[in-house]
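K.L.:
Sequence first, predicted model second:
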Amino acid sequence: MQPFTRPLVIALVLLLVFLAAALTAQAWLQRENRRLQTDAVAARRAQFVQALEITRRPAETWDEAFQHELGTLMGGTVTLHRGEPPLGNPPGPGLLGFDYRLPGGGDFTARVTFATPAASRLAILHERMLVAVILLALLLLLVSAGLALPRRFSGEGGSRSPWSATRAEMHGLEHFARISVERGEALERESGARLRAEEDLQLNRTLLGHSLEERVRLGRDLHDSICQTLYAVSLSLEGLRAKLGGGGSGETPQRLDQCIAELRRLNHEVRSYLKELEPGVVQRGPFLEALEAMLAAQPCTGGVHLARDLEPDAVARIAPERAPEVVNILREALSNSLRHGRARTITVHARHGDGCVIFAVQDDGVGFDPATAGPGHGLANMQARAAALGGSVSVVSARGKGTRVLLTLPVSSAS
C-alpha cells in the first residue's frame, strides 16, 4: 500500500494548492473589478461636472429634452430629483451610477446611470476564464496521476519517478495560464484606452455643436440689436435732413449727409461681419470663394477702386478651416483703408514664398505714423488672429505715402 498511498497524498496536496490559488486569483479579480467600477464612476462624475460648467443652465429649467441631451453626452441617463433621490433604487444589473447635488442654492440632485465599462466586463470574463483554466489544470493533473500509477507498478523504469511526466505537463499548463493572463491584461488595457478615446471624441463633438449653435445665436442677436439700431438712427437723420430741406446752412446738411453715409457704410460692414456667423459659412468653404465674397461686399464709395493681384498657387495653399480667420484679417485691413486712408486705389496681393503665404493690403492714401497711432483694437485683433494661425501681421506706413498691411502665414506643400 506504501507506493499507492504516496501518489494520492501528493495529488491531494497539489489539489489543495490549486484550490487556494484559484480562490486567491478570484478574490484579486473581484477587488480589481470593484476598483475599475469605482474609477469609472469617478471619471463619469468629472465628465458630468465638466458638462455642467459648459452648459451653465439652472436646474429649475431642466426639461426632459435637456436631461436626454445630458444623458446622451454621458453615455447613459440623467434624471433630476428635488431633494434626495428615492432610496432602495439601485441602478440595475450591468449598470453603474452616482448622485450629484447641483450647485446654485436649489435643493436639486441629479442621478446619472450608465452601463458598466467594457474593461469591467472583460475583468469578469477574465476571472471566469482563469477559474476554468485552473479547473482544467486540476483535471489534467488527476488524469496524469491516474495514468502514472499503473506505470509505477509495472516493471518499466523501476526507479523512475511517476511524477516526472506530470511535472512537465504542469510546467506547460503554467506557461499557458501565464500567457492567457498577460493577453487578457493587454486586451483589457487596449479596450479601456479605446473606450476613453471614444468618450472624449463624443464629448468634443458635443462641445463643437454647442459652440456652433452659440455662434449662430450671437450673430442673430447682433443683427437684431446693432444692425436695427444703426438703421433706425440712419432713418432719424434722414427725417431730420428732410425737415431742414433747403432752409439750413450749407455746412449742416453736408454734415448730415456725411453722417448718414457713414452710418450706411457701418451698417453694411457689420452685416458683412455677421455673414461669417451664418451656419453655411461656419461649415468652412474654399478660401477663394470666401475671399471673393468678402471683396464683393466691401462698400467702395467715393470712387475708390478695389484691385486684386492674387497668385493662384498662394490662394490654393490656404486650407478651408483657416479661411474664415484669414478673410477676417484682410477685411479688417480693407476696412481701415476705406475708413481712414482716403485712398483712390486699394490692392489685395497674394504671393507664395518659401514655406509661407504672404498677403498684402496696400493703398495710396494719406498714410500715418505707426509710432503715433491711436490705441485702436483693429491692429491688435489682426495680430491675435494671425498668432492663432501661427503667422504674423506687420504695418508699413508713412504720412502721404499710403499704407501696407502684411500678413505672413506658414504653410506646407500639402496645404
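P.N.:
Nice, I can see it. Numbers count the residues shown, from 1 in each chain.
K.L.:
I'd like to know which elements the strand or helix carrying residue 203 is packed against.
P.N.:
Assigned by DSSP states H and E, residue 203 belongs to helix 164-222. Secondary-structure packing of helix 164-222 (3 or more C-beta pairs under 8 Å, 6 or more residues apart in numbering; DSSP states H and E): helix 2-55, helix 64-74, helix 118-153, helix 251-275, helix 279-282. Quick note: C-beta positions are derived from backbone N, CA and C, even for glycine.
K.L.:
Centre of the chain to it, how far?
P.N.:
Mean-position distance between helix 164-222 and its chain equals 17 Å (C-alpha atoms, centre = their mean, to the nearest Å).
K.L.:
Tell me which helix or strand comes right after it.
P.N.:
Next element after helix 164-222 (DSSP H and E): helix 228-244.
K.L.:
Give me the contact list for that next one.
P.N.:
Contact with helix 228-244 is made by 252, 253, 256, 257, 259, 260, 263, 264, 266, 267, 270, as judged by C-beta atoms under 8 Å, 6 or more residues apart in numbering.
K.L.:
try stretch 76-87
P.N.:
Counting by C-beta under 8 Å, 6+ apart, 44, 48, 59, 62, 67-68, 70-71, 95, 97, 99, 107-115 sit against stretch 76-87.
K.L.:
From the residues you listed, list just the buried residues.
P.N.:
Buried residues within the contacts of stretch 76-87, counting neighbours by 16 or more other C-beta atoms under 10 Å: 44, 48, 59, 62, 70-71, 97, 108-114.
K.L.:
from these, which has minimum pLDDT?
P.N.:
Among the buried ones among the contacts of stretch 76-87, residue 59 has the lowest pLDDT, at 80.
K.L.:
could you give the mean pLDDT of stretch 132-147?
P.N.:
Mean per-residue pLDDT for stretch 132-147: 70.
K.L.:
should've said stretch 20-33
P.N.:
Stretch 20-33 carries an average pLDDT of 79.
K.L.:
same check, this time on stretch 340-350
P.N.:
91.
K.L.:
So what touches it?
P.N.:
By C-beta under 8 Å, 6+ apart, the list of residues contacting stretch 340-350 from outside reads 295, 303-311, 314-315, 330, 334, 337-338, 357-368, 402-403.
K.L.:
Which of the residues you listed fall in strands?
P.N.:
Using DSSP state E, the subset of the contacts of stretch 340-350 located in strands is 305-310, 357-363, 403.
K.L.:
Need the buried ones from these selected in ChimeraX.
P.N.:
Selection command for ChimeraX covering only the buried members of the ones in strands among the contacts of stretch 340-350, criterion 16+ other C-beta under 10 Å:
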select :306,310,357,358,359,360,361,362,363,403
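K.L.:
Just the mean pLDDT for the helix holding residue 203, thanks.
P.N.:
The model assigns helix 164-222 a mean pLDDT of 79.
K.L.:
May I see the contacts of helix 228-244 arranged in JSON lines, with distance to residue 54, pLDDT and neighbour count as well?
P.N.:
Listed next are the contacts of helix 228-244 as JSON lines, based on distance: C-beta to C-beta, whole Å; pLDDT from 0 to 100; neighbours: other C-beta atoms under 10 Å:
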{"residue": "252", "distance to residue 54": "53", "pLDDT": "77", "neighbour count": "13"}
{"residue": "253", "distance to residue 54": "53", "pLDDT": "77", "neighbour count": "16"}
{"residue": "256", "distance to residue 54": "48", "pLDDT": "79", "neighbour count": "16"}
{"residue": "257", "distance to residue 54": "49", "pLDDT": "79", "neighbour count": "13"}
{"residue": "259", "distance to residue 54": "43", "pLDDT": "83", "neighbour count": "15"}
{"residue": "260", "distance to residue 54": "44", "pLDDT": "81", "neighbour count": "18"}
{"residue": "263", "distance to residue 54": "38", "pLDDT": "79", "neighbour count": "20"}
{"residue": "264", "distance to residue 54": "39", "pLDDT": "77", "neighbour count": "16"}
{"residue": "266", "distance to residue 54": "34", "pLDDT": "76", "neighbour count": "18"}
{"residue": "267", "distance to residue 54": "34", "pLDDT": "74", "neighbour count": "19"}
{"residue": "270", "distance to residue 54": "29", "pLDDT": "75", "neighbour count": "14"}
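K.L.:
what's the domain layout of the chain?
P.N.:
2-153, 301-415 (automatic domain parsing).
K.L.:
before we move on, the earlier item: pick out whichever of the ones in strands among the contacts of stretch 340-350 sits closest to residue 179.
P.N.:
When the ones in strands among the contacts of stretch 340-350 are ranked by distance to residue 179 (C-beta to C-beta), residue 357 comes first, at 55.5 Å.
K.L.:
For that closest one, give its distance to residue 404.
P.N.:
Distance of residue 357 to residue 404, given as C-beta to C-beta, to the nearest Å: 16 Å.
K.L.:
can you check residue 72 too?
P.N.:
From residue 72 to residue 404 the distance is 51 Å (C-beta to C-beta).
K.L.:
higher neighbour count, these two?
P.N.:
When neighbours are counted by other C-beta atoms under 10 Å, residue 72 and residue 404 differ, and residue 404 comes out ahead with 18 against 13.
K.L.:
list the contacts for that one?
P.N.:
360, 361, 362, 363, 395, 396, 397.
K.L.:
do the same with residue 385
P.N.:
Contacts of residue 385 (C-beta under 8 Å, 6+ apart): 325, 328, 329.
K.L.:
what about 6 Å?
P.N.:
325, 329 (C-beta atoms under 6 Å, 6 or more residues apart in numbering).
K.L.:
With the one 4 residues further on instead?
P.N.:
When contacts are counted by C-beta under 6 Å, 6+ apart, residue 389 touches 322, 325, 409.
K.L.:
Just give me the closest of those residues to residue 143.
P.N.:
Using C-beta to C-beta, the contacts of residue 389 come closest to residue 143 at residue 322, 70.6 Å.
K.L.:
Return the backbone torsion pair for the closest residue to the closest one other than its chain neighbours.
P.N.:
Nearest-residue entry for residue 322: residue 389, 5.9 Å, with adjacent residues in sequence omitted and distances by C-beta to C-beta, 6 or more residues apart in numbering. Dihedral pair for residue 389: phi -90, psi 0, per degrees, to the nearest 10.
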